[in-house]
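J.: I would like to see how this sequence folds:
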Amino acid sequence: MSRQRRTFPKAFKAQVIEECAQPGASVAGVALSHELNANLVHKWIRQQREPLPTMPAFVPVPLELMPSGRAAAEALTVKIDIPHRSGSLSVRWPAQDAEGCARFLRGLLA
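T.: Okay, the predicted model is just below:
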């Protein structure tokens, strides 16, 4: 029988980190009072200090110009390669639906 990994809300993590920051408080003591492993609390503190890198609001994407016409407009796509530690994700999106692509990326990166 495997144990289920516990997850904790951001508000709870923030409360625990705040308790650790109080004068005279120890991480081990705060962790013990919440039935947590001190290493986990140390990890939360590190994560709070080192926020995730932010993506720029605008990334220029070079487009190759194609002959005009409906077939050319339909064939024009935006290709985005997103690196990941286990490989990369390639996304192809119709250029005429730029707003849909933006919504997709915002949902993916949220």
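J.: from now on I want contacts and neighbour counts done on CA atoms only, so please keep to that.
T.: Noted.
J.: how close does residue 46 sit to residue 17?
T.: 10 Å (Cα to Cα, to the nearest Å).
J.: does residue 79 touch residue 93 like I think?
T.: Yes. Contact criterion Cα atoms under 8 Å: residue 79 and residue 93 qualify, at 6.5 Å.
J.: and the two? which has more neighbours close in?
T.: residue 93 (17 against 14; other Cα atoms under 10 Å).
J.: need the three-state assignment for residue 31.
T.: helix (DSSP: H, G, I helix; E, B strand; the rest coil).
J.: near the closest residue to it other than its chain neighbours, how many other residues are there?
T.: Ranked by Cα to Cα, 6 or more residues apart in numbering and with sequence neighbours excluded, the top spatial neighbour of residue 31 is residue 38, at 5.3 Å. When neighbours are defined as other Cα under 10 Å, residue 38 has 16 of them.
J.: residues in contact with residue 38?
T.: Contact partners of residue 38, counting by Cα atoms under 8 Å, 6 or more residues apart in numbering, are 27, 28, 31, 32.
J.: same thing with residue 26?
T.: residue 20 are the contacts of residue 26 under Cα under 8 Å, 6+ apart.
J.: out of the contacts of residue 38, which end up buried?
T.: 27, 31 (16 or more other Cα atoms under 10 Å).
J.: no further questions, thank you.
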